[in-house]
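1. need a structure here:
(one chain, ligands or ions: 1)
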Amino acid sequence: MKTILPLLLFFFILDLTAADCNTIRTRYECPGHEKYPIHLSFDDGPADRTPALLDLLKKEHIPATFFIIAERIDCQPHRNRCQTGDQAACQSLQYCLEHKKTLQRTIREGHTIGSHSYNHLHLSTLPYTEMEAQISHSKQLLAPYFNTSPPLFRLPYGDGWFNRAEKPAVLETLHNYGFQHIAWEMSAFDWREADQQGDKILQTVMHEICTKKRGVILFHDGDSEQEHIGRTFTLKHIAEWIPAMRCVADFKPLNYFYKNVKVIKR
Ligand SMILES: [Zn+2]
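-> Numbers count the residues shown, from 1 in each chain. Next up, the predicted model:
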């Protein structure tokens, strides 16, 4: 009996999980039993809550890609102003140094990273030299951290990618700087404030996974306007969303979808 009891308990838990997933699949209108290959990506960080997200991904053994706003780790301007006695700049310097540590940890824990420009502007609307500077400046700042070959880039708002037919210069410039652009097949739409309540984002995510069936999904761990606040709703709730997503998703690394992308050990 002693040996059978843990075994029975194991099958009971297994069965319970399957039953839960059936409920989840019914609730989110995702019939069948198939699990779809999905890669999680997070834009606009590093933010103050990114370490909590890294804890979760580690616990769940999920690989992800983080697209970094390079200004977040550009600490020298804050340091210069801090040295003149600007207390707000000294505080910003502390945040910036924390972001750098978070980025180092992200890489150490096996996630891939890419550039998300210098400071998140609509690149196709900028004069050429400013657009190029967004790409070159971010490449320079993130060079010590890139852990793929080629290095990756995701355009803010997808601007320059959605409209690549009318504005080809943005993707061409990325290519000239050796970047590979990584778009997304699915979006959590977690930037929409109206969706930041209840399980609306999870509903969107489950619908995206179960209708599109494979690819990279876009989330946010940071916020492009409120530097130190972070995309709190996603980061507060993603731990609850992962078990439901797991019922329909098989989490894969980025190069499952982009076979040419080589991961470099740092
Ligand atoms: Zn963004």
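2. So which residues of the protein form strands?
-> Using DSSP state E, the strands found in the chain span residues 36-45, 64-68, 112-115, 148-149, 152-153, 180-181, 186-187, 215-220, 249-251, 262-263.
3. Reformat the ones you listed as TSV; add mean neighbour count.
-> Yep, even glycine has a C-beta here, placed from its N, CA and C like the rest. Supplementary listing: the strands of the chain in TSV, determined by neighbours: other C-beta atoms under 10 Å:
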stretch	mean neighbour count
strand 36-45	24
strand 64-68	26
strand 112-115	26
strand 148-149	16
strand 152-153	26
strand 180-181	16
strand 186-187	20
strand 215-220	22
strand 249-251	18
strand 262-263	13
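4. which bits of the stretch 151-266 of the chain sit near the ion?
-> For the stretch 151-266 of the chain, the residues found near the ion under the criterion C-beta under 5 Å from the ion are Pro156.
5. Nearest to the ion: which residue in the stretch 151-266 of the chain?
-> Using C-beta to the ion, Pro156 is the residue of the stretch 151-266 of the chain that sits closest to the ion, at 4.6 Å.
6. Determine which residue lies closest to the centroid of this structure.
-> The centre of the chain sits closest to Phe42, judged by C-alpha atoms, centre = their mean, with a distance of 1.1 Å.
7. I figured that one was touching Pro63, is that so?
-> No - under the contact definition of C-beta atoms under 8 Å, Phe42 does not touch Pro63, with a separation of 11.8 Å.
8. How many neighbouring residues does the residue nearest to Thr125 when sequence neighbours are not counted have?
-> Closest residue to Thr125 in three dimensions, ignoring its sequence neighbours and counting by C-beta to C-beta, 6 or more residues apart in numbering: Asp159, at 7.3 Å. One way to gauge burial is a neighbour count; for Asp159, by other C-beta atoms under 10 Å, it gives 18.
9. which stretches of the stretch 101-250 of the chain form helices?
-> Taking DSSP state H, counting those that start in this stretch as the criterion, the stretch 101-250 of the chain contains helices spanning 128-142, 168-176, 200-212, 232-246.
10. out of these, which comes closest to Gln83?
-> The closest approach between Gln83 and any of those, judged by C-beta to C-beta, belongs to helix 128-142 at 20.0 Å.
11. Could you check that closest one and say which residues are buried?
-> Residues of helix 128-142 classed as buried under the neighbour-count rule (16 or more other C-beta atoms under 10 Å) are Met131, Glu132, Gln134, Ile135, His137, Ser138, Lys139, Leu141, Leu142.
12. Now do it against strand 64-68, angle only.
-> Angle between the axes of helix 128-142 and strand 64-68 is 130 degrees (criterion: axes from the mean of the first three to the mean of the last three C-alpha atoms, to 10 degrees).
13. which residues sit against helix 128-142?
-> Outside helix 128-142, the residues that touch it by C-beta atoms under 8 Å, 6 or more residues apart in numbering are 68, 70, 73-74, 113, 115-119, 121, 123-124, 126, 151, 153, 169-170, 173-174, 177-179.
14. and the residues you listed, which are buried?
-> With burial judged by 16+ other C-beta under 10 Å, the buried subset of those is 68, 70, 73-74, 113, 115-118, 121, 123-124, 126, 151, 153, 170, 173-174, 177, 179.
15. got the residues of the stretch 1-150 of the chain near the ion?
-> With C-beta under 5 Å from the ion as the criterion, the stretch 1-150 of the chain meets the ion at residues Asp43, Asp44.
16. Point out where the stretch 1-150 of the chain drops to low pLDDT.
-> Across the stretch 1-150 of the chain, the stretches falling below the confidence threshold (pLDDT under 70) are 1-19.
17. ok, the closest residue to Arg79 other than its chain neighbours - how many residues close by?
-> Counting by C-beta to C-beta, 6+ apart, the nearest residue to Arg79 once its immediate chain neighbours are dropped is Leu93, at 5.5 Å. Other residues within reach of Leu93 by the criterion other C-beta under 10 Å amount to 20.
18. Could you say which one of the helices of the stretch 101-250 of the chain comes nearest to Glu98?
-> When the helices of the stretch 101-250 of the chain are compared for distance to Glu98 using C-beta to C-beta, the nearest one is helix 232-246, at 15.2 Å.
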